[in-house]
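Colleague: sharing a model prediction with you, sequence too.
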Amino acid sequence: MISAKARAVYGADKPFQATEIKRRDLDLHDVLIEIKYAGICHSDIHTAHGEWGPVNYPLVPGHEIAGIVTEIGPEVTKYKIGDRVGVGCMVDSCGECENCLKGEEQYCLKGNIPTYAGVDKYGEPTQGGYSTHIVVTEEFVVGIPDNIELDAAAPLLCAGITTYSPLNRWGAGPGKKVAIVGMGGLGHMAVKIAHAMGAEVTVLSQSLKKKADGLEFGADHYYATNNPETFEKLAGSFDLILNTVSAKINLDAYFSLLTLDGTMVNVGAPGEPLSLNVMSLIGHRRSFAGSLIGGIRETQEMLDFCAKHDIVPKIEVISADQIDEAYERVLASDVKYRFVIDTSTM
């Protein structure tokens with residue numbers, strides 16, 4: 001077994017504590033990664049606080065992982081020692097079902113194995129990236145292009161692919177009008193990616209306080225949703241709306257902003273159910289959809305796209321001792337725009 005330093009939470013209302021965890025010895029196709037940076041995702045907070053169901057504590061969150069390969073199993077062919085690599089929201093799947101064979105492992109019919117708060121094929125609980133090392137099968141490791149720094153690469157493994165996948169799937173590009181709801185960790189990545197894809201991009205945020213940033217990131221327009229006139233002015237405007245917020249919103253109001261055959265896609269995951277009036281969809285043949293992350297193939301595609309277009313998240317690097325403070329700041333919307341843990345401080 002391999003020892004790794006980590007930060008774990010021992011209960012829904014408990015602070016993070018320094019600890020040591022064990023990683024499995026390398027199997028034939030396993031890769032040992034020395035983690036250099038780990039991003040903090042809102043999903044980490046939901047899970048650590050027990051908001052998405054029972055949690056088997058102690059829990060080491062983290063599914064935005066960037067690091068260096070330090071050891072490989074005897075049959076590994078994709079990576080070599082010294083490679084710059086990343087690990088995202090999942091570390092395995094059945095590999096045999098229809099969805100896995102399509103490269104959509106995130107929708108594995110038997111359930112993918114999440115990077116943390118899951119159980120791996122060996123029957124052991126998975127622990128995430130708030131640690132110094134992780135062992136992952138090579139098929140769930142992606143290569144980080146040389147022109148993306150590791151600290152900036154980490155959030156791409158969740159925030160990047162979570163927004164790239166639906167923008168790609170629903171055809172954001174030249175001639176398309178795309179609205180991004182929210183300008184947080186996910187939203188600011190969505191703006192950058194949609195702009196690079198060639199779409200006309202509008203940000204819909206509660207206020208105008210981040211307008212300068214939004215325009216800098218590539219938005220063509222920026223509106224405050226706390227102004228009722230916004231919904232009147234933009235009625236029927238957008239081919240695609242990507243909702244990145246993890247809070248309850250008035251869905252019907254946002255549906256009114258869609259064109260004929262327009263689609264609103266949710267990637268934010270509120271902790272409470274949302275309600276809607278189906279007539280808001282029927283009236284203009286609108287669609288309401290959801291999207292998780294992307295498969296491994298698409299995640300690599302996203303990284304290469306970001307490298308080609310010089311897309312990186314705006315980050316604030318913190319030490320391991322600042323995780324609790326960072327969680328509080330995320331909940332208070334006091335981050336521009338993604339916290340990244342320097343794991344050398346573990």
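Modeller: Structure received. Here the structure is a predicted model, which means the values were calculated and not measured. Numbers count the residues shown, from 1 in each chain.

Colleague: ok, which stretches of the stretch 151-300 of the chain are strands?
Modeller: All strands of the stretch 151-300 of the chain, identified by DSSP state E, counting those that start in this stretch, fall at 177-181, 200-205, 221-224, 238-243, 258-266, 287-290.

Colleague: which residues of the protein score low on pLDDT?
Modeller: Under the criterion pLDDT under 70, no range of the chain is flagged.

Colleague: that one: helices as residue ranges?
Modeller: Taking DSSP state H, the helices of the chain run over residues 42-48, 98-101, 150-153, 159-169, 185-197, 211-217, 228-233, 251-255, 279-282, 296-308, 323-331.

Colleague: what's in contact with the first one?
Modeller: The list of residues contacting helix 42-48 from outside it, by CB atoms under 8 Å, 6 or more residues apart in numbering, reads 9, 12, 52, 55, 59, 61-63, 89, 116-117, 128, 158, 184-185, 246, 269, 271, 327, 330-331. No exception for glycine: its C-beta is placed from N, CA and C like everyone else's.

Colleague: filter these down to just the buried residues.
Modeller: Taking 16 or more other CB atoms under 10 Å as the criterion, what is buried in the contacts of helix 42-48 is 9, 55, 59, 61-63, 89, 116-117, 128, 158, 184-185, 246, 327, 330.

Colleague: what separation do you get for Leu204 and Gly82?
Modeller: Leu204 is 44 Å from Gly82, where distance means CB to CB, to the nearest Å.

Colleague: higher neighbour count, these two?
Modeller: Taking neighbours as other CB atoms under 10 Å, Leu204 and Gly82 compare with Leu204 leading, 26 against 8.

Colleague: the domain parsing of this protein - what is it?
Modeller: By the assignment in the TED database, the chain contains the domains 2-158+294-345, 160-290.

Colleague: run the chain-centre distance for the last one.
Modeller: On the basis of CA atoms, centre = their mean, to the nearest Å, the separation between the geometric centre of domain 160-290 and that of its chain is 17 Å.

Colleague: between the two ends of that domain, what distance do you get?
Modeller: 16 Å (CA to CA, to the nearest Å).

Colleague: check stretch 334-346 too.
Modeller: 24 Å.

Colleague: what do you get for stretch 116-123?
Modeller: End to end - CA to CA - stretch 116-123 spans 13 Å.

Colleague: now do stretch 338-346
Modeller: Start-to-end, stretch 338-346 (CA to CA) is 19 Å.
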